[in-house]
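> what's the 3D shape of this:
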Amino acid sequence: MRLFYYAANAAMKALLIALTRWQVEGKENVPRKGPLIIVANHMTYVDPPLLGASVPRRITFMAKQELFRPSLMGIVVRAYGAFPIRRDKLDREALRQAFGLLNKGQVLGMFPEGKRSFPYHLQEMQPGTAFIAARSGVPIIPVGISGSEQVKGLGFILHRPHITVRIGRSFTLPSGENNRLNRPGLSQHSSLIMKRIAELLPNTYLDSHNFPDDMRSSNEN
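Sure thing, here's the model as predicted:
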């Protein structure tokens, strides 16, 4: 499984270099050791291997259970080292696996929106990521992905789209009395995670409903 992960990342890097204009910013923000939660916006199926190729640590992704059905996709997802989560209820087994990874000092990859966004605007965060981050207390690394939505069909090869993976500085959720695991507390934590990802994205990925003009001015188009 580990061998497949690194082989897949090497192949992904080669494809990105050959077929796109790929750039990664902020690799120095990723500590070489210790538990981390990587959080990113999610637009296409390209995003998990794109993150794997861009982040200088091995990432174990939490992915929706539907991807693990018997199929070529299911085989690839399992071989890549991901583990499933049921989104229709509290999945205690998925939580156990997530906390187990972090307790071992590993890196957990999550897409807090809970699904791919369309039309590629950053959506509100689901509470699962905030719960795991608040409960574990480990550092969170926000990542903003732009351009991956252009990788579709074969036509993208002709214009080599710009793909940018911007890695932000780590942060932790408030501790003590502010580290609440009830619904209002998780909502506040989720909003903070969303804000940190948004800071790494161009304004075109932020809709006016979630990000009014006074929250968008610091982002480059």
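
> from now on I want contacts and neighbour counts done on CA atoms only, so please keep to that.
OK.

> quick check: longest helix in the protein by residues?
helix 2-19 (DSSP state H).

> what's in contact with stretch 66-76?
Identification of contacts with stretch 66-76 by C-alpha atoms under 8 Å, 6 or more residues apart in numbering yields 77-78, 84.

> and the residues you listed, which are buried?
Neighbour counting by 16 or more other C-alpha atoms under 10 Å classes 77, 84 among the contacts of stretch 66-76 as buried.

> list the contacts of whatever helix or strand comes next after the longest helix of the chain.
With elements assigned by DSSP states H and E, the helix or strand that comes after helix 2-19 is strand 21-25. Strand 21-25 is contacted from outside by 16, 54, 160-167, using C-alpha under 8 Å, 6+ apart.

> phi, psi of the residue nearest the centre of the chain?
Central residue of the chain (C-alpha atoms, centre = their mean): Ala40, 3.0 Å from the mean position. For Ala40, the backbone dihedrals (degrees, to the nearest 10) come out as phi -150, psi 160.

> bridging residues for it?
Ala40 forms beta bridges with Val143, as assigned by DSSP bridges.

> need the contacts of stretch 66-76 in TSV (columns: pLDDT and distance to Thr60).
Compiled in TSV, those are given as follows (pLDDT from 0 to 100; distance: C-alpha to C-alpha, whole Å):
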residue	pLDDT	distance to Thr60
Val77	92	11
Arg78	90	10
Pro84	92	11
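
> quick one: the contacts of stretch 66-76 as a markdown table, columns for distance to Ile193 and secondary structure too.
Below are the contacts of stretch 66-76 laid out as a markdown table (distance: C-alpha to C-alpha, whole Å; DSSP: H, G, I helix; E, B strand; the rest coil):
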| residue | distance to Ile193 | secondary structure |
| --- | --- | --- |
| Val77 | 26 | helix |
| Arg78 | 27 | helix |
| Pro84 | 22 | strand |
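
> and of the contacts of stretch 66-76, the nearest to Lys64?
Within the contacts of stretch 66-76, the smallest distance to Lys64 is 5.5 Å, found for Pro84 (C-alpha to C-alpha).

> so where's this protein shaky on pLDDT?
Applying pLDDT under 70 to the chain picks out residues 175-180, 208-209, 212-221.

> quick one, strands of it?
Using DSSP state E, the strands assigned to the chain run over residues 21-25, 36-40, 59-64, 83-85, 107-110, 140-146, 162-167.

> just those: most buried one?
strand 36-40 (a mean of 26; mean count of other C-alpha atoms under 10 Å).

> what is it packed up against?
On a contact count with 3 or more C-alpha pairs under 8 Å, 6 or more residues apart in numbering; DSSP states H and E, strand 36-40 meets strand 107-110, strand 140-146.
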